[in-house]
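Visitor: Pasting the sequence and the predicted coordinates here, then a few questions.
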Amino acid sequence: MGLRFETRRSDSPWVDVVWTCTSEHVTEMTSVAGVRWGLVFWEQAGKNYASITGPETRTGTAPVPPGARFTGIEFAVGTSLRTVPVPTLVDGGVGLPDTTRRMFRLDGARWEIPGPDDAEALVDGLVRAGIVVRDPLVVEVLRGHRPRVSERTVERRFRAATGLTRGAVRRIEQARTAAELLAGGDPAADVVAKLDYFDEPHLARALRAYVGRTAGQLREGAGGAIALDLGQRRAPAGRAPSIWVSV
């Protein structure tokens, strides 16, 4: 066994996914491009840690602390931290200081480390304190509306809120969805048609750049540990969480 994940969708408009993970007998994994920033808490060898993670624009290899237990919160696209601009987090992250077994420090205040069932309560507190914010224009754009401002203004505010262009968000989300479909058994030709890729080589290039797997590896579950839920991650909030094991 390598990594055991449990994920669930959130009914909070500020949160996309809450996840937990336990690492066993694995020291590295394939990281996958993603468009969301997050908070991650973990315990290893009796010590506790917390960090802010940023959007990732490409795939890569990431170390996995052995024997660690993680809880993570992925925030909805368009949300951000008051004091840490999302663009500074892209392809990186920030460790949070003074983390103890029960508490972590963020924006000058101490907060209780959440369990997977307490994530929304923590986020509600951060929102009330004005630490987590969002740009209503970006939310409007993500819902498919056309604000009455110039495209240049929309792109500038979208990049400020997410750290990415709208095109980058679309391509990354498209590749992640393709990976889920392929892992679920969809033929590559069907995925090309469903997601409007130009052809199978175009799909292959996107998978290589953003997921780090070929279509064949995704179908066969090959390639080692990967930071992507290839089970039922898209299940609505309130359902039992999906569980998958990468070996």
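Guide: Cool, the structure landed. Numbering: from 1, shown residues only.

Visitor: Tell me the buried residues in stretch 117-132?
Guide: Neighbour-count burial for stretch 117-132, with 16 or more other CB atoms under 10 Å as criterion, is recorded at 119-120, 122-123, 126-127, 131-132. No exception for glycine: its C-beta is placed from N, CA and C like everyone else's.

Visitor: Out of those residues, list just those in strands.
Guide: residue 132 (DSSP state E).

Visitor: Do I have it right that residue 39 meets residue 70?
Guide: No: contact status for residue 39 versus residue 70: not in contact, 10.9 Å apart, counting by CB atoms under 8 Å.

Visitor: Compare those two (neighbour count), which wins?
Guide: Applying other CB atoms under 10 Å to residue 39 and residue 70 shows that residue 39 carries more neighbours, namely 25 against 19.

Visitor: what does the model give the more buried one for pLDDT?
Guide: As summarised for this prediction, residue 39 has a pLDDT of 97.

Visitor: residue contacts, it?
Guide: Remark: with contacts taken as CB atoms under 8 Å, 6 or more residues apart in numbering, residue 39 is in contact with 50-53, 72-73, 75.

Visitor: Select the longest helix from the protein.
Guide: Looking across the chain with DSSP state H, the single longest helix is helix 166-183.

Visitor: mind listing what's buried in the lengthiest strand in the chain?
Guide: Once the chain is assigned using DSSP E, the strand that runs over the most residues is strand 15-23. Within strand 15-23, the residues that qualify as buried by neighbour count (16+ other CB under 10 Å) are 15-21, 23.

Visitor: Output the contacting helices and strands for it.
Guide: For strand 15-23, the contact count by 3 or more CB pairs under 8 Å, 6 or more residues apart in numbering; DSSP states H and E identifies strand 3-9, strand 69-75, helix 119-128 as packing neighbours.

Visitor: Could you identify the helix or strand that succeeds it?
Guide: Tracing the chain C-terminally past strand 15-23 and defining elements by DSSP states H and E, one meets strand 28-31 next.

Visitor: could you dump that following strand to CSV, C-alpha only?
Guide: Taking only C-alpha atoms (Å, rounded to 0.1, in the frame of the first residue of the first chain), the coordinates of strand 28-31 have been written out as CSV:
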residue,chain,number,x,y,z
GLU,A,28,7.5,10.2,-3.5
MET,A,29,4.5,10.6,-5.7
THR,A,30,3.6,12.3,-9.0
SER,A,31,2.1,15.7,-8.3
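
Visitor: who's in contact with it?
Guide: Strand 28-31 has contacts (CB under 8 Å, 6+ apart) with 2-3, 56, 59-64, 211-213, 223-227, 246.

Visitor: can you do 10 Å?
Guide: Among residues not part of strand 28-31, those counted as contacts by CB atoms under 10 Å, 6 or more residues apart in numbering are 2-3, 21, 23, 56, 58-64, 91, 211-213, 217, 223-228, 246.

Visitor: What about the residues you listed, which are in helices?
Guide: Restricting those to those inside helices, with DSSP H as the criterion, leaves residue 217.

Visitor: of the contacts of strand 28-31, buried ones?
Guide: The neighbour-count criterion (16+ other CB under 10 Å) marks 2-3, 21, 23, 56, 59, 64, 211-213, 217, 224-228, 246 among the contacts of strand 28-31 as buried.

Visitor: Tell me how far residue 152 lies from residue 33.
Guide: Distance of residue 152 to residue 33, given as CB to CB, to the nearest Å: 26 Å.
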